[in-house]
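# Make a model of this:
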Amino acid sequence: YTRTPVNTVWFSAILATLLGLLVFAGAQAINAVFSISVTASYVAYSIPIIARFVFENNFKPGPFNLGFFSLPCAIISVLWMAFMFLVFLFPTNPAPASAGDMNYSVVVLGSIMLFSILYYYFPKYGGVYWFKGPVRTVGDLNSAGKQRDARELDETGEARNSEEKKERGEKESVNVESTESAT
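Numbers count the residues shown, from 1 in each chain. Now for the predicted structure:
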């Protein structure tokens, strides 16, 4: 068992296939799919950037940090994404003469966002009642952690862990036996 989320992979593959079949529905349908994918990506990229600077600032920077330039870069990137978000919601034809020329991505994306927000605040079942936030899976690399990691390595860079040495010893003995039997 590889711990791969098989159901999710199949769902994504089937959904991608169904969206790919829209190419046979005409240029308008596939243009809407491309427009929705770009605008949804911009929304997804903008949310954490905005949240980082607007809401309470208990952000702990990692090893790579822009420092003073993080706020100007965030402002420029959010403004650019907002501009491009609007551009991708325009119709492909400058003067739409019919409903067939309309860019329906604004309707689809707006519906998805409205449904998501309503579901999040839905009484008793919404995410506001059960979502606890992200689980921290990476420990802090403080000096104690670095010292612990350094103690696990000897001067040659090999692990001091007895189990790892035992495994290596077993592998080396198997290799020695296999070379002796080959000669």
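
# would you list every one of the helices in this protein?
For the chain, applying DSSP state H gives helices covering 6-20, 27-54, 70-89, 105-120, 127-130, 143-151, 162-182.

# same for the fifth one, what does it pack against?
Applying 3 or more CB pairs under 8 Å, 6 or more residues apart in numbering; DSSP states H and E, we find helix 127-130 packed against helix 105-120. Where C-beta positions appear, they are placed from N, C-alpha and C, glycine not excepted.

# tell me which residues of the helix it packs on are tucked away?
Under the neighbour-count criterion of 16 or more other CB atoms under 10 Å, helix 105-120 has Ser105, Val106, Val108, Leu109 buried.

# ok now that helix, how far from the chain's centre?
In terms of CA atoms, centre = their mean, to the nearest Å, the centre of helix 105-120 is found 20 Å from the chain centre.

# between it and helix 27-54, how big is the angle?
If you take axes from the mean of the first three to the mean of the last three CA atoms, to 10 degrees, helix 105-120 sits at 50 degrees to helix 27-54.

# can you give me the angle helix 105-120 makes with helix 70-89?
Taking the same axes, to 10 degrees, helix 105-120 and helix 70-89 form an angle of 120 degrees between their directions.

# For the nearest residue to Val38 once chain neighbours are set aside, give me its contacts.
Using CB to CB, 6 or more residues apart in numbering and skipping the chain neighbours, the partner closest in space to Val38 is Phe88 (5.1 Å). Applying CB atoms under 8 Å, 6 or more residues apart in numbering to Phe88 gives the contacts Ser35, Val38, Thr39, Tyr42, Ser105.

# Looking at the buried residues of helix 105-120, spot the one nearest Leu21.
Val108 (16.3 Å; CB to CB).

# Quick check: that closest one vs Tyr120, distance?
Separation of Val108 from Tyr120 (CB to CB, to the nearest Å): 19 Å.
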